[in-house]
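Q: Give me coordinates for this.
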Amino acid sequence: MGTLRGTGTVSANGGGNEVGGAGGRIGITYGALGGGGDNLNSLSNVTVFGGSGSWSPGSAGTIVMRQHAQTYGDLYIDDNKSGSTSTRWTPLTRVGYGTIQAVSSNEFSTDQKVALLPGGLVGLTVNPNLDQTEVFTVSGNTATSITVDVSGGTMLTDVASIGDTYAAVHVYDNVFFRRGGFLVLGDVLHVTSNMVVAQFGGVTHFDASTVMESRLQLLAERLQISSNSSINVIGRGYLGGEHSPNINFNSGRTLNNATGSSQRSGGSYGGLGGAGGGTPNPVYGTATNPAALGSGGSRGGSDSWAGGDGGGWIRILAGSLDLDGVITADGSAGGGDGAGGGSGGTIYIETGGLTGNGTIRANGGGNEVAGGGGRVAVYYPSGSSNTNGMTMVSAGGSGSWVSGSAGTVYLDDTYAWTGLPGIGGGGAGGGGGTKEFLGIVLFGHDKAGLKAITWDEGGSGKSEGGVYLIEFSPVLPGTNWMPMGGPVTGVTTKVTPPEDRKGYFRVRKP
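A: Numbers count the residues shown, from 1 in each chain. From the prediction side, this is the model:
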């Protein structure tokens with residue numbers, strides 16, 4: 001198509017009545033857009049609204065508008081709401097953060113924690129190992145396996161192994177929210193230019209279950225969140241006791257979905273949950289590189305009082321972040337009779353410039369026995385930032401029986417942003433900037449060569465490129481050495497690592 005112009009409508013809305021149908025999908029490729037009054041009402045007449053329903057509405061679908069000069073196109077999330085965020089989220093096709101069970105040159109087996117529609121993933125981009133940046137196009141899938149196109153010469157086995165974490169990578173030039181659009185993520189979202197969350201827009205991630213953990217992983221060159229909009233993962237973390245599907249389970253869930261806070265206690269993460277008769281789970285993670293869901297609180301004195309869920313997990317890498325709205329990973333409140341509130345979750349941000357008057361918050365859930373605060377870590381350069389009007393907090397929840405303790409807020413305004421990683425990057429150990437090398441490390445390798453992950457005294461990981469010298473010792477020589485904890489293969493080292501993996505190692509810059 002050449003120029004897209006006119007005053008008409010393009011729609012694929014869901015049907016209504018009692019139970020609404022979901023909106024469909026619209027994709028339009030065009031050369032140019034007409035001028036004012038001749039551009040489909042600034043594209044607002046292109047709609048995929050969810051169908052209204054007196055029992056339950058459907059969610060909005062997706063619109064992708066791609067000009068010929070663009071690589072990926074612009075995604076629009078729009079559900080025709082005025083003055084509020086939609087109550088029904090719009091999902092992008094989900095692969096989920098899973099663990100490879102088996103892998104060949106062009107196929108890997110999933111962990112089956114996310115239900116896959118056979119053939120439903122064709123055309124998606126997937127990263128089979130989030131600790132590296134190689135991505136593949138899905139050519140087919142079953143309910144339990146994903147096949148990819150390897151015609152480019154790189155095989156899955158070149159970059160991924162059993163146990164690696166995979167996910168889809170959804171890539172767009174721009175993402176725009178209109179009229180209360182509400183997006184839910186279960187995989188990586190990479191925006192090469194602008195992401196504008198406005199007009200009561202909202203972004204969240206899928207809820208955790210008793211077997212599945214989710215997160216919100218967002219990379220954007222420029223991220224803007226308006227005063228009426230949010231990135232909100234309140235209560236998306238580990239489940240509270242007796243909170244479905246954690247039924248017939250008195251305790252809340254905690255790290256790795258293990259048994260957590262016992263009856264009448266709040267969830268813990270950065271801060272300790274309140275103890276109203278039970279024992280809260282221990283705190284976990286690090287202040288400088290938080291990377292986990294918040295913990296659920298326990299049930300109350302009877303199974304009719306569910307505990308609150310922990311806060312979710314947000315990881316943002318952005319060339320610039322203009323925040324006038326809210327980024328929150330609060331825990332949710334517990335029920336009555338001493339049920340515990342969930343702890344706050346994780347908010348981790350790396351940005352080349354932080355401005356605005358908004359709020360970054362990971363508080364514990366309240367009510368009677370409150371949850372502990374979560375963990376917030378923000379890396380930004382002071383020279384291109386202005387945080388004077390911003391609130392950053394990770395408070396313990398307020399409880400009428402007992403409150404939770406505060407979590408952690410770590411701010412580094414000396415951070416040097418060096419740009420977004422490539423498509424498929426920004427994984428659990430990947431960032432866009434440069435941080436101090438502290439000497440204690442865990443390392444891995446890929447076909448591009450050695451990559452090191454620096455660790456501070458508390459054990460928080462940070463990816464850092466460059467050339468490193470790996471040294472091994474059968475005895476502990478001194479400080480800044482770590483015990484061997486995994487296989488060491490395919491790397492060139494000063495001293496050959498012990499075959500039985502016993503001893504100590506360090507990595508340093510030569």
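Q: Find the centremost residue of this structure, please.
A: Nearest residue to the geometric centre of the chain (C-alpha atoms, centre = their mean): Leu216, 2.0 Å.
Q: just checking, it touches His205?
A: Yes - Leu216 lies in contact with His205 (C-beta atoms under 8 Å); the separation is 4.1 Å. Yep, even glycine has a C-beta here, placed from its N, CA and C like the rest.
Q: Find residues that contact each of the two.
A: The contact sets of Leu216 and His205 overlap at 185, 233, 312-314 (C-beta atoms under 8 Å, 6 or more residues apart in numbering).
Q: From those residues, pick the one nearest Ser161.
A: Among the shared contacts of Leu216 and His205, Trp313 lies closest to Ser161 (C-beta to C-beta), at 24.1 Å.
Q: quick one: contacts for the closest one?
A: Trp313 neighbours (C-beta under 8 Å, 6+ apart): 205, 213-216, 233, 236-237, 291-293, 329, 345-346.
Q: Read off the pLDDT value for it.
A: Per-residue confidence (pLDDT) for Trp313: 97.
Q: where does it sit relative to Thr144, distance-wise?
A: Distance from Trp313 to Thr144, counting by C-beta to C-beta, to the nearest Å: 26 Å.
Q: Equivalent analysis for Gly8, please.
A: On the measure of C-beta to C-beta, Gly8 and Thr144 end up 45 Å apart.
Q: now swap in Gly352 and tell me
A: 41 Å.
Q: quick one, which of those two is more surrounded?
A: Gly352 (24 against 13; other C-beta atoms under 10 Å).
Q: right, and the more buried one touches Ser382 too?
A: No - with contact defined as C-beta under 8 Å, Gly352 does not count as touching Ser382 (11.7 Å).
Q: which stretches of the stretch 301-450 of the chain have low pLDDT?
A: When residues are selected by pLDDT under 70, those of the stretch 301-450 of the chain lie in 425-450.
Q: can you check the chain too?
A: Along the chain, the model assigns pLDDT under 70 to residues 425-510.
Q: mind giving me the domain split of it?
A: 1-69, 98-168, 207-423, 434-508 (automatic domain parsing).
Q: which ones are touching the spatially closest residue to Asp309 that is not a sequence neighbour?
A: Closest residue to Asp309 apart from its sequence neighbours, by C-beta to C-beta, 6 or more residues apart in numbering: Gly235 at 4.2 Å. Gly235 makes contacts with 207, 308-312, 330-332, 342, 365, as judged by C-beta under 8 Å, 6+ apart.
Q: Which element, helix or strand, includes Gly235?
A: Gly235 belongs to no helix or strand when elements are defined using DSSP states H and E.
Q: Tell me the spacing between it and Gly365.
A: Separation of Gly235 from Gly365 (C-beta to C-beta) stands at 7 Å.
Q: Generate TSV for the domains of the chain, with distance to Arg88 as supplementary columns.
A: Formatted as TSV, those follow (distance: least, C-beta to C-beta, whole Å):
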stretch	distance to Arg88
domain 1-69	4
domain 98-168	19
domain 207-423	14
domain 434-508	36
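Q: Mean neighbour count, those domains: which tops it?
A: Greatest average neighbour count among these goes to domain 207-423 (a mean of 26), per mean count of other C-beta atoms under 10 Å.
Q: measure it end to end?
A: Taking C-alpha to C-alpha, to the nearest Å as the measure, domain 207-423 stretches 25 Å from start to finish.
Q: again with stretch 259-267
A: 11 Å.
Q: again with stretch 303-316
A: Using C-alpha to C-alpha, the span of stretch 303-316 from its first residue to its last is 37 Å.
Q: centre of the chain versus it, how much separation?
A: Put simply, stretch 303-316 sits 15 Å off its chain's centre (C-alpha atoms, centre = their mean, to the nearest Å).
Q: Equivalent analysis for stretch 215-225, please.
A: Mean-position distance between stretch 215-225 and its chain equals 10 Å (C-alpha atoms, centre = their mean).
Q: thinking again about what came up before, can you tell me which of the contacts of Trp313 end up in strands?
A: Under the assignment DSSP state E, the contacts of Trp313 contribute 205, 216, 346 to strands.
Q: I'd like those residues as a markdown table, with distance to Gly181 appended.
A: Formatted as a markdown table, the ones in strands among the contacts of Trp313 follow (distance: C-beta to C-beta, whole Å):
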| residue | distance to Gly181 |
| --- | --- |
| His205 | 16 |
| Leu216 | 16 |
| Thr346 | 24 |
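Q: Closest one of these to Pro280?
A: Nearest to Pro280, judged by C-beta to C-beta, of the ones in strands among the contacts of Trp313 is Thr346 at 18.0 Å.
Q: Contacts only, for Gly83.
A: 180, 200 are the contacts of Gly83 under C-beta under 8 Å, 6+ apart.
Q: Distance check, it against Gly50.
A: Counting by C-beta to C-beta - Gly83 and Gly50 are separated by 17 Å.
Q: Gly34 versus Met1, what's the distance?
A: 12 Å.
Q: oh, I was asking about Val197
A: To Gly34, Val197 is 27 Å away according to C-beta to C-beta.
Q: State the distance from Gly285 to Val233.
A: From Gly285 across to Val233, the span is 16 Å (C-beta to C-beta).
Q: which stretches of the stretch 101-250 of the chain form strands?
A: 102-103, 107-109, 125-127, 136-141, 145-148, 165-172, 174-178, 182-185, 188-197, 202-205, 216-225, 230-232 (DSSP state E, counting those that start in this stretch).
Q: Just tell me which of the ones you listed ends up closest to Gly96.
A: Smallest distance to Gly96 across the strands of the stretch 101-250 of the chain (C-beta to C-beta): 6.8 Å, for strand 165-172.
Q: these two touch, right, Thr210 and Asn246?
A: Yes - the criterion here is C-beta under 8 Å, and Thr210 meets it with Asn246 at 5.8 Å.
Q: what sits in contact with each of the two?
A: By C-beta under 8 Å, 6+ apart, the residues touching both Thr210 and Asn246 are 239, 253.
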